[in-house]
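Visitor: Next input, structure requested:
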Amino acid sequence: MPIHVALLRAINVGGAGMLAMADLRAICEGLGFSDVKTYIQSGNVLFRSDLPAPEAAAKLDAALGEKLGKAPGVMIRDARQLQAIAENAPFPDAKSNLLHVVFLPDAAPADALDRLVAPDGEEVQVAGHEIYVHYPDGSGRSKLKLPALKPGTARNLNTVRKLAELAQAMEEGYSAARRT
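Guide: Numbering: from 1, shown residues only. Down below sits the predicted model:
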């Protein structure tokens, strides 16, 4: 059964609302997802489901919308995708906690960087459904403006690597269990 890694937008960071990770796990289990695990308080949940990623994302987003009063937006990636995203990160000299990956629901538009304003030396690179942003002075005080980021949700490279590792471990555990 495939492993999905759901990245929730605007959860516990002042956006759509506060959601205890225990509640998130319960919502996922209520939707029929299995082997549900959360990682840190910013809306990362791993689970097994036979549903295709777009269907699982839509189901979870709708259920969260009912709970929070507004659907936050859910992006799903699998272990291989997360690993590739981490491995292909640009800006090799950037500290991994200052390099963010913005996960988008759709491929970034061709003109994604046209309205970029990066007054603090931020570097940005588009890669399909993700946009990498290096914040040399951290994201907290950055004045970066890039409208293409709005529908997405960001995780720093450390978190992306950890989610890839957790998803891979879940896949390996499932494969080993099936062989026995």
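Visitor: Only C-alpha atoms from now on, for both contacts and neighbour counts.
Guide: Fine.
Visitor: Would you mark the buried spots in the lowest-mean-pLDDT helix or strand in the chain?
Guide: Averaged element by element with mean pLDDT, DSSP states H and E, the chain has its least confident helix or strand at helix 157-179 (a mean of 85). By neighbour count on 16 or more other C-alpha atoms under 10 Å, the buried set for helix 157-179 is 157-161, 163-168, 170-171.
Visitor: roughly how far is that helix from the heart of the chain?
Guide: 15 Å (C-alpha atoms, centre = their mean, to the nearest Å).
Visitor: Over to stretch 149-169?
Guide: 5 Å.
Visitor: now swap in stretch 128-142 and tell me
Guide: That offset, for stretch 128-142, works out to 14 Å (C-alpha atoms, centre = their mean).
Visitor: tell me the mean pLDDT for it?
Guide: Averaged over stretch 128-142, pLDDT sits at 96.
Visitor: Show residues contacting it.
Guide: Stretch 128-142 is contacted from outside by 89-91, 94, 98-108, 120-126, 149, using C-alpha atoms under 8 Å, 6 or more residues apart in numbering.
Visitor: at 7 Å instead, please
Guide: 94, 98-108, 120-126 (C-alpha atoms under 7 Å, 6 or more residues apart in numbering).
Visitor: and the one helix or strand Val133 maps to with helix 157-179, angle?
Guide: Element membership of Val133, judged by DSSP states H and E, is strand 130-134. On the basis of axes from the mean of the first three to the mean of the last three C-alpha atoms, to 10 degrees, strand 130-134 is oriented at 140 degrees to helix 157-179.
Visitor: All good on my end, thank you.
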